[in-house]
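In: sequence and computational prediction follow.
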There are 2 protein chains.
Amino acid sequence: MKSIDEYRIKIETEIQKLEFPGGKLENLYAPIRYSLSAGGKRIRPVLTLMASDAFGQAEERALKAALGLEIFHNFTLLHDDVMDKSEIRRGRPTVHKKYDENRAILSGDTMLTIASQFVSDVDNDILREVMDSFNDMAIKVYEGQQLDMDFETEEKISTEDYIEMIRCKTGALLGACGKIGALIGGVSHEDAEKMYEFGVQTGIAFQIQDDWLDTFGDAATFGKAIGSDINNGKKTYLYVSALESNTNTAEALREAFKIPAGDVRVKTITRLYEKLGIKESAVKAVNHYSSLALRALNSTSLSDDKKEIFRKFAEKLIGRKK
Amino acid sequence: MKSIDEYRIKIETEIQKLEFPGGKLENLYAPIRYSLSAGGKRIRPVLTLMASDAFGQAEERALKAALGLEIFHNFTLLHDDVMDKSEIRRGRPTVHKKYDENRAILSGDTMLTIASQFVSDVDNDILREVMDSFNDMAIKVYEGQQLDMDFETEEKISTEDYIEMIRCKTGALLGACGKIGALIGGVSHEDAEKMYEFGVQTGIAFQIQDDWLDTFGDAATFGKAIGSDINNGKKTYLYVSALESNTNTAEALREAFKIPAGDVRVKTITRLYEKLGIKESAVKAVNHYSSLALRALNSTSLSDDKKEIFRKFAEKLIGRKK
């Protein structure tokens, strides 16, 4: 197997080589090129290549599917940004700001179908299982996005509801990357399901960690402004577990979230989270889901040295500094 | 084979039986239920069932794929209505008016994936060809929608450009319905391609006829207000062929389209079209594409009585009074 960085470079190189029609159709494909050129960690296709490689097929065999999963991921970002009215993504204007909403919607639709075409570029004997896995995952991602949008206007969300939402919105795609990569690698249905589980739990741990970093992280290494979730009133893992921690909290939180966006609001709510022990309990939750991911990984038939590379992948992702 | 009405009733019954999750996910699935319950002629799944039946497999075998193609069609209507800011569809508020834009975008995405799941419910030996055909068609439909949106701001559009646009936006889906139905029916690749061609050309004839009816039709039987394309400044087949008919027309048309929406505008432009002979030349174009459709149909290996049913289907669609 190669190193995580080598897989990432492979994906980045292949994305740069992708060609889309221009000419009369430039208006449809320019936003797709723009969206895919934004860089990022490419963790989803990297996991796909790693899984294929680890289970016995050179990662070349999984390349098209891996690219398809990355295109799918970028499609969801594109439509989510329209829905959330986000203006900046990875330091650049979002697609609907750079072009317009209509082109963002239609280019997104096109990316979903292109993703489906790429992912279906696998051997006939695994085509159905791969496509079923891809489509089931996509449905979960939409359901997760709907739940996330619903949370914005809901008063009371349990941590259980929240975990269910991120299991769908973030976990399912990483799960599908692990599973589809493993299927291309040629494993049994059982091992593929274990790799699905590894991806899902890693995704959940990753999202909670991301919530934690947004409040308690180090601005210099996080890569995003600290406190943006608090300023945007986002219902994060920290928020929902604070709500659950004791009965007086709900009122205090509601009051604190009335403070206008800015330093005072961020500091007040950060201190409230600290007082309630959320800073520590969130770390515990990250560790809990990380250990579920590792348990799934350990139950596969992979050799110890291969397991070690996936362990590093999860560690790098969850313990990421950027 | 059954009658066209019998196939339609079969589809309508099956659509009413479809079940989608509710509960916490009601916000995602309610717009899908609403969208699919709007009725309509169901011509796309009817063609799919007919083709499967005609080529040797009871239409039951094609039912899931047929429903998938109808769900795909409704997904495109849903997203197109968001992009076109349409408020009414089949006499009811459009999805984004009844719910909101975000739910229209996300429910549409979900419908595209559900369509893909339904269409993939075919035997393994034709799965790849069916899915390739479905995905290729979807890309064409998006390209057609982009060209259609681009036309809104373009001064000069040739009839050739216009035909290319409706070949993608309207023709490709009917083509895929004919082809996928035929594949499920068990025909050769060649016959399937001929059924694709039959569907595409029928779709082009249908769209030109629809443009014609919007201006020259009978309000009582057309089912839509006459002149809505003229009032909305839509670049129809009539408009683009008027532009091409002689050099002085462009200026006269531009002036006429400055008249505020209403009876005067509709009458002025309708008379201009009549003077230029567009009323007749558009009918010729409908007949031209209809005959291409029938030529493709006649070249298939179908028996004469089966060909007759498809001929009736095209006639009913293109000569439709409602």
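Out: Sure, I can see it.

In: looking at strand pairing, list the partners for residue A:92.
Out: residue A:89 (DSSP bridges).

In: wait, doesn't it sit right on residue A:39?
Out: No - between residue A:92 and residue A:39 there is no contact under C-beta atoms under 8 Å: 9.7 Å. The way it works is simple: take the backbone N, C-alpha and C, and place the C-beta from them, glycine included.

In: out of these two, which sits in the more crowded spot?
Out: residue A:92 (14 against 11; other C-beta atoms under 10 Å in any protein chain shown).

In: would you mind measuring from the more buried one to residue A:37?
Out: Taking C-beta to C-beta, to the nearest Å as the criterion, residue A:92 is separated from residue A:37 by 9 Å.

In: same question for residue A:223.
Out: 18 Å.

In: could you do residue A:316 as well?
Out: Taking C-beta to C-beta, one finds residue A:316 at 23 Å from residue A:37.

In: who has more neighbours out of those two?
Out: A direct count of neighbours by other C-beta under 10 Å for residue A:316 and residue A:37 places residue A:316 higher, at 15 against 12.

In: who's in contact with that one?
Out: When contacts are counted by C-beta atoms under 8 Å, 6 or more residues apart in numbering or on different chains, residue A:316 is found next to residue A:4.

In: residues from the stretch 101-250 of chain A in reach of chain B?
Out: Neighbours of chain B within the stretch 101-250 of chain A, by C-beta under 8 Å from any C-beta of the partner chain: A:101-103, A:105-106, A:108-110, A:112-114, A:116-117, A:120, A:124, A:127-128, A:131-132, A:135, A:138-139, A:142-143, A:145-147, A:149-150.

In: hmm, try it at 7 Å
Out: Residues of the stretch 101-250 of chain A lying close to chain B (C-beta under 7 Å from any C-beta of the partner chain) are A:102, A:105-106, A:109-110, A:112-113, A:116-117, A:120, A:124, A:127-128, A:131, A:135, A:138-139, A:142-143, A:145-147, A:149-150.

In: for ChimeraX, what selects the buried ones among these?
Out: To isolate the buried members of those in ChimeraX, using 16 or more other C-beta atoms under 10 Å in any protein chain shown:
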select /A:102,105,106,109,110,112,113,116,117,120,127,128,131,135,138,139,142,143,145,146,147,149,150
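
In: so where's chain A uncertain?
Out: Applying pLDDT under 70 to chain A flags the ranges A:320-322.

In: now do the contacts for the spatially most central residue of it.
Out: Nearest to the geometric centre of chain A sits residue A:170, at 4.2 Å (C-alpha atoms, centre = their mean). By C-beta atoms under 7 Å, 6 or more residues apart in numbering or on different chains, the contact set of residue A:170 is A:203-204, A:206-207.

In: which of the three states applies to it?
Out: Recorded secondary structure, residue A:170: helix (DSSP: H, G, I helix; E, B strand; the rest coil).

In: separation between it and residue A:207?
Out: To residue A:207, residue A:170 is 5 Å away according to C-beta to C-beta.

In: and the next element down the chain from the helix or strand hosting residue A:34?
Out: Secondary structure from DSSP states H and E places residue A:34 in helix A:26-36. The helix or strand immediately downstream of helix A:26-36 is helix A:43-54, counting by DSSP H and E.

In: is whichever helix or strand comes after that next one in proximity to chain B?
Out: Counting by DSSP H and E, the next helix or strand C-terminal to helix A:43-54 is helix A:63-84. Yes - using C-beta under 7 Å from any C-beta, helix A:63-84 reaches chain B at A:79, A:82-83.

In: of those residues, closest to residue B:291?
Out: In terms of C-beta to C-beta, no member of the residues of helix A:63-84 next to chain B lies closer to residue B:291 than residue A:79, at 41.9 Å.

In: right, and the closest one touches residue B:102 too?
Out: No - Residue A:79 is beyond contact range of residue B:102, at 9.3 Å (criterion: C-beta atoms under 7 Å).

In: residue in the stretch 151-300 of chain A nearest to chain B?
Out: Residue of the stretch 151-300 of chain A nearest chain B, by C-beta to the nearest C-beta: residue A:161 (8.1 Å).

In: how close does residue A:160 get to residue A:151?
Out: Separation of residue A:160 from residue A:151 (C-beta to C-beta): 13 Å.

In: between the two, who's got more neighbours?
Out: residue A:151 (17 against 10).

In: give me the phi and psi for that one.
Out: Phi and psi for residue A:151, reported as degrees, to the nearest 10, are phi -60, psi -30.

In: repeat that for residue A:40.
Out: Dihedral angles of residue A:40 (phi, psi; degrees, to the nearest 10) stand at phi 110, psi 180.

In: give me the number of residues near it?
Out: 16.

In: now it, nearest residue through space, not along the chain?
Out: residue A:90 (6.4 Å; C-beta to C-beta, 6 or more residues apart in numbering or on different chains).

In: most neighbours among the residues of helix A:63-84 next to chain B, please name it.
Out: residue A:79 (25 neighbours).
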